[in-house]
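Novice: sequence first, predicted coordinates after that:
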Amino acid sequence: MRLMLVLAISAAGLTAAGIAPREYQERRAELRRSLDGVMVLFGAEDPDDLHTSFFQESNFLYLSGWREPGAVMLLTQQTEILFLPARDLRMELYTGRRLDPSDPDAPKLAGFDRVMPKTALQSAFLGVIETARRVYTIPGDVRGQKLKSLAVFHDEADAAQVIARLRMVKSPAEIELIAKATDATVAAHLAGWKKTRPGVWEYEIAAIMTNAYFERGCERNAYAPIVGSGPNSVILHYAANHRRLDSGESVVADVGAECSDYATDITRTVPAGGKFTPRQRELYEIVLGAQKAAIAAIRPGMRLRADGPSLHQIAYDYINTHSHDLHGQPLGKYFVHGLGHYVGLDVHDPGDPSAPLKAGTVITIEPGIYIPEENIGIRIEDIVVVTQDGAKVLSAALPREIADIEKLVGK
Ligand code: GLY
């Protein structure tokens, strides 16, 4: 009976699919080696409305793979403890069975040296701060602040910043999961292109796209799908998706899946009627040229955005030195957002854009031009992994040349 229970809990997937339990232990071990204090991380609580499902806090997930609500993690150089809430049999009618912190198999199931009831958190914290100088918590998390207030003479330090240093460089397993989300998203864009034609609603295209990656086993959207046609194509995060496509318009589709907890992020701009207008074509070629120039410059040591040479500057300069707006002005001012961001467990994964890139970093490269006066927005976004000597475009299977796109849209 006990064995059956253990198997049932494991099968329910207490830790994240796709990353081996050992990798979580290694991540914590690496973090703990450099820890000059105590780190306390609070996992997400059960959502108290029916709109959202449980979504583990991503730093917590990164270090534990733990996917039950209400957990707390305490880390020092010497120890690691996972604190779990007591079971609530009434609530389990709604949520299903949860792990009992006093279950002797709990450490094995959770992959932690020790698992304790959450009621023991405060006394364990007071025990470890005696020999610690600093308390690391996530800024803004009131639960961490409350615990820190018990250690008034200790320095406060930012746990998110320390964890971000690890999260910025992906392991081979993480890159594989981002590639899986990317492949499913490439299929989604291709499915969306087939459906794209004048008269179709933006939400219909979004539905076809998201369905394509859900069918491939992805669990969630990495962000709210953006399908913006004509005037909506200039709105960066337009996610209402409730307009009908008209001929002669361009359509920005910025849609990406999350599979096994890892996100991707891909954007293409396609012609609603299957053929770009001459002006759309001109602007598209400029954005594509900027993207190619930036990707060609990626290598370890290069920076996404910084004073001095950066990928952003390369893309901006390209856009600003090609063509003009209707008033004869350069186009740089219409590139109104950053060139890219880190991607991982979060679509906007933590990472310093001014830090030198390292091999294993995964970023987007997404230049854009948005001209409201012309109702034209063009964005081309690919997801790339920085390699030892350059970059590998994980989303390379999705065409971005005009001739290839025009062959596929509406067909
Ligand atoms: N793809 C949405 C964003 O990066 O903001």
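Specialist: That came through fine. Predicted model only: the values in this text are computed from it and were never measured.
Novice: what's the neighbour count on the residue in the stretch 101-250 of the chain that the ligand sits nearest to?
Specialist: The ligand sits closest to Tyr223 of the stretch 101-250 of the chain, with a gap of 5.1 Å, by CB to the nearest ligand atom. All C-beta spots, glycine's among them, are computed from the backbone N, C-alpha and C. Using other CB atoms under 10 Å, the number of residues around Tyr223 comes to 18.
Novice: find the nearest non-adjacent residue to it, please.
Specialist: Nearest non-adjacent residue to Tyr223, counting by CB to CB, 6 or more residues apart in numbering: Val347, 4.9 Å away.
Novice: kindly report the residues of this structure close to the ligand.
Specialist: Contact residues (CB under 6 Å from any ligand atom) of the chain with the ligand: Tyr223, Asp254, Asp265, Val347.
Novice: need the max-distance pair from the residues you listed.
Specialist: Asp254 and Val347 (10.4 Å; CB to CB).
Novice: okay, the two: which has more neighbours?
Specialist: Remark: of Asp254 and Val347, Asp254 carries more neighbours, 24 against 19, as counted by other CB under 10 Å.
Novice: quick one, grab the pLDDT at the more buried one.
Specialist: On pLDDT, Asp254 comes in at 98.
Novice: again, but for His51
Specialist: Note on His51: pLDDT of 85.
Novice: relative to Tyr94, how far out is Leu50?
Specialist: Distance of Leu50 to Tyr94, computed by CB to CB, to the nearest Å: 11 Å.
Novice: so which strand or helix has the residue nearest to Tyr223?
Specialist: Using DSSP states H and E, Val347 maps to neither a helix nor a strand.
Novice: which residues touch the residue nearest the centre of the chain?
Specialist: Central residue of the chain (CA atoms, centre = their mean): Val347, 1.9 Å from the mean position. If you count contacts by CB atoms under 8 Å, 6 or more residues apart in numbering, Val347 has them with Ala222, Tyr223, Gly256, Glu258, Ala263, Thr264, Asp265, His341.
Novice: excluding sequence neighbours, find me the nearest residue to the closest residue to the ligand within the stretch 1-150 of the chain.
Specialist: Across the stretch 1-150 of the chain, no residue is closer to the ligand than Ser58, which sits at 15.4 Å (CB to the nearest ligand atom). The spatial neighbour of Ser58 that comes closest, neighbours along the chain excluded (CB to CB, 6+ apart), is Leu345 at 4.4 Å.
Novice: specify the local secondary structure of the nearest residue to Tyr262 once chain neighbours are set aside.
Specialist: Once flanking residues are discounted, Tyr262 sits nearest to Leu177: 3.9 Å by CB to CB, 6+ apart. With DSSP: H, G, I helix; E, B strand; the rest coil as the basis, Leu177 sits in helix.
Novice: burial count for Leu177?
Specialist: Other residues within reach of Leu177, judged by other CB under 10 Å, total 25.
Novice: show the pLDDT at it.
Specialist: Here the pLDDT value assigned to Leu177 is 97.
Novice: in the stretch 151-300 of the chain, which spans are helices?
Specialist: With DSSP state H, counting those that start in this stretch applied, the stretch 151-300 of the chain shows helices at 159-167, 172-195, 202-215, 278-296, listed in chain order.
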